[in-house]
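Student: starting from these lines, generate the structure:
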Amino acid sequence: MCELLGMECNVPTDIVFSFSGLALRGGLKGPHADGWGLALYQGKAVRTFLEPCAAANSPLATFVRENPIKTLLAIAHVRKKTRGRVALENTHPFVRELWGRHMVFAHNGTVRGVRKHPIGRFRPVGDTDSEYAFCVLLHLLERAFPKGYPRSQRALWTKIAELGGRLGRDGTFNFLLGDGRHLFARCATKLSYIIRKAPFRAATLADDDLCVDFSEVTTPTDCVAVIATQPLTRDEVWVQGTPGEMWVFRNGKLQSTLASR
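Tutor: As a prediction, the model looks like this:
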């Protein structure tokens, strides 16, 4: 299957260290060589980098690592295809507009019966079950909150968890969803997170000897949440997800853990 990476922070932060670890699994330290993508929020909008090739060998992925872009919320993905050909339109993360903001989605798994659901005004560009599931999710959210972005954060969190559980009954539905304000992370089989905060320490990638001493590049008030399919570092303690639960991150902190069955 594919691998997911998300980052959500209380101060603008670059994702270079974590993305370097993910990129290694995109064709060098892992079999996920069928595409890679990275979405970086700036307010309600995102800039995206997508390629239908192995991240480990990509000059564009190298450029992204060598030219850090700071953001409050990022979502990345390396793909090992199960459905849908290797093509740009099938490369995660996917982006759509809802409530006047960009919604970003990346998925790990297969949702076999997803095409039985209506998608409303949202249309997939590619032919993956992942993108179709994203369209279904957005359609159902738009129906649930037709007047726009919900004033009640809790209502939004609960609805996304509910819909994730409903669609997840059709298969394996690990996903990351960003709305520019929150990062939602649903665990169906495997997902982990770590929150880096003071006192900061050094960390080393699990698949390489690259090490960063975060105490040298942060301030005492920084808070950075990193979510990944599998832990990206070898010398930090990651929290393992429970299948059927969804995490909500904001301001670099875990705001809620919700049932999503």
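
Student: quick one: contacts of stretch 240-250?
Tutor: Outside stretch 240-250, the residues that touch it by CB atoms under 8 Å, 6 or more residues apart in numbering are 6, 8, 157, 160-161, 164-165, 168, 181-193, 225, 227, 254-261. For glycine as for every other residue, the C-beta is placed from the backbone atoms N, C-alpha and C.

Student: sort out for me which of these are in strands.
Tutor: Counting by DSSP state E, the members of the contacts of stretch 240-250 that fall within strands are 6, 8, 183-187, 192-193, 225, 227, 254-259.

Student: of the contacts of stretch 240-250, grab the buried ones for ChimeraX.
Tutor: In ChimeraX, the members of the contacts of stretch 240-250 classed as buried (16 or more other CB atoms under 10 Å) are selected with the following command:
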select :6,8,157,160,161,164,165,168,181,182,183,184,185,186,187,188,190,191,192,193,225,227,254,255,256,257,258,260
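
Student: and Phe175, how far is that from Gly168?
Tutor: The spacing between Phe175 and Gly168, counted by CB to CB, to the nearest Å, is 9 Å.

Student: quick one: low-confidence ranges for this protein?
Tutor: Scanning the chain for pLDDT under 70 picks out the ranges 1.

Student: what ranges do the helices span in it?
Tutor: Chain-ordered helices for the chain, with DSSP state H as the definition, fall at 16-24, 59-66, 129-144, 153-168.

Student: redo the ones you listed as JSON lines? Include distance to Val78.
Tutor: Compiled in JSON lines, these are given as follows (distance: least, CB to CB, whole Å):
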{"stretch": "helix 16-24", "distance to Val78": "6"}
{"stretch": "helix 59-66", "distance to Val78": "10"}
{"stretch": "helix 129-144", "distance to Val78": "13"}
{"stretch": "helix 153-168", "distance to Val78": "21"}
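
Student: what's the most buried one of those?
Tutor: Looking across the helices of the chain with neighbours counted as mean count of other CB atoms under 10 Å, the highest average goes to helix 16-24: a mean of 23.

Student: show me what that helix is packed up against.
Tutor: Here helix 16-24 touches strand 3-13, strand 36-42, helix 59-66, strand 71-78, strand 223-228, going by 3 or more CB pairs under 8 Å, 6 or more residues apart in numbering; DSSP states H and E.

Student: which of those sits most buried?
Tutor: Ranked by mean neighbour count, with mean count of other CB under 10 Å as the criterion, these are topped by strand 71-78 at a mean of 27.

Student: now that strand: how far from the chain's centre is it?
Tutor: The offset between the C-alpha centroid of strand 71-78 and the centroid of the whole chain comes to 6 Å, using CA atoms, centre = their mean, to the nearest Å.

Student: pairing partners for that strand, with directions?
Tutor: The sheet places strand 71-78 alongside strand 3-13 (antiparallel), strand 36-42 (antiparallel), with pairing taken from DSSP bridges.

Student: Leu88: how many residues sit nearby?
Tutor: Residues near Leu88, counting by other CB atoms under 10 Å, number 13.

Student: so it touches Leu50, yeah?
Tutor: Yes - between Leu88 and Leu50 there is a contact under CB atoms under 8 Å: 6.1 Å.

Student: identify the contacts common to those two.
Tutor: Contact with both Leu88 and Leu50 is made by residues Gly35, according to CB under 8 Å, 6+ apart.
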